[in-house]
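1. sequence below, structure please.
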Amino acid sequence: FFFQAEDGIRDHCVTGVQTCALPISSQFYIGAVSTTDPNMVIAGAQDNYTNRYNGTVYWDAVFGGDGSFCAINPDDDYTQYCSYQYLNIQRSDDRGFNWYDIFDHNSNPAGTNTVAFIAPFVFCHSDLNIMYAASDTLYRSDDAGITWYPQSGEIDSGNAALALAVSYTRDRKSTRLNSS
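-> Numbers count the residues shown, from 1 in each chain. As a prediction, this is how the structure comes out:
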């Protein structure tokens, strides 16, 4: 497996895949690896929740839905984030054992959603209290995801953002979006 870590791509081999708690055919959308503990990994899997690996042959399902974007605070791996379809973000302050809502984005059952099914959120690396999330609008949090406010009006003629990146050295004017 390869995961995007806060400081670059890392490979993460899990032995005994046949005994893994996840179905062998699981597809991970994205994951995060702790910068302080290489055995602490969370990853969102299609149809198979957000899952945590902590050094055993099993992955633990820690949050339901289609697992999506995940993050682990690089300075404190007790603080973790996961999301599920349509930009609904959860936060844990105990390494993924308990989760609470920090961002809810309503989806439309008719299919005319203003957010991607697997929608992005990221940390600002120069200030870990700053986070961004994107639908057809860019949102910002200055308190590690507790409160959010729109950073812009509609982006890219209303297309939903698919990817989001922030400069490692500047928190403003360096946010990049890729939309559908």
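
2. and Gly44, what pLDDT?
-> Turning to Gly44, the model gives it a pLDDT of 91.

3. and for it, the neighbour number?
-> Other residues lying near Gly44 total 26 when counted by other C-beta atoms under 10 Å. C-beta here means a position set from N, CA and C on the backbone, and glycine is covered the same way.

4. so, low pLDDT: which residues of this protein?
-> Under the criterion pLDDT under 70, the flagged ranges of the chain are 1-25, 170-180.

5. helices and strands around the longest strand along it, which ones?
-> Secondary structure assigned by DSSP state E gives strand 127-134 as the longest strand of the chain. Contacts defined by 3 or more C-beta pairs under 8 Å, 6 or more residues apart in numbering; DSSP states H and E place strand 127-134 against strand 121-124, strand 137-141, strand 161-165.

6. just name the most buried of those.
-> Ranked by mean neighbour count, those are led by strand 121-124 with a mean of 22 (mean count of other C-beta atoms under 10 Å).

7. ok, residues contacting it?
-> Contacts made with strand 121-124 from outside it, assessed by C-beta atoms under 8 Å, 6 or more residues apart in numbering, are listed as 6, 69, 71, 73-74, 81, 83, 87, 89, 103, 130-134, 164-166, 171.

8. send me it as CSV with only the CA atoms.
-> Only the C-alpha atoms of strand 121-124 are listed here, as CSV (Å, rounded to 0.1, in the frame of the first residue of the first chain):
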residue,chain,number,x,y,z
PHE,A,121,-9.9,18.7,2.9
VAL,A,122,-6.3,19.5,3.9
PHE,A,123,-4.2,21.0,6.7
CYS,A,124,-2.2,24.2,6.2
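
9. ok, how many other residues are close to Trp59?
-> Residues near Trp59, counting by other C-beta under 10 Å, number 23.

10. I'd say it and Asn48 touch.
-> No. Trp59 sits out of contact with Asn48 when judged by C-beta atoms under 8 Å, with a separation of 9.1 Å.

11. quick revisit: buried residues, the longest strand of the chain. List them.
-> If you call a residue buried by 16 or more other C-beta atoms under 10 Å, then strand 127-134 has these buried ones: Leu128, Ile130, Met131, Tyr132, Ala133, Ala134.

12. columns distance to Asn54 on top of those, output as CSV?
-> Converted to CSV, those look like this (distance: C-beta to C-beta, whole Å):
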residue, distance to Asn54
Leu128, 22
Ile130, 28
Met131, 24
Tyr132, 28
Ala133, 26
Ala134, 30
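
13. which of those lies closest to Ser141?
-> The shortest approach to Ser141 among the buried residues of strand 127-134 belongs to Met131, at 4.5 Å (C-beta to C-beta).

14. which ones are touching Gln85?
-> With contact taken as C-beta under 8 Å, 6+ apart, Gln85 is in contact with Gly65, Asp66, Ser68, Ser107, Phe117, Ile118.

15. sweet, I'm off.
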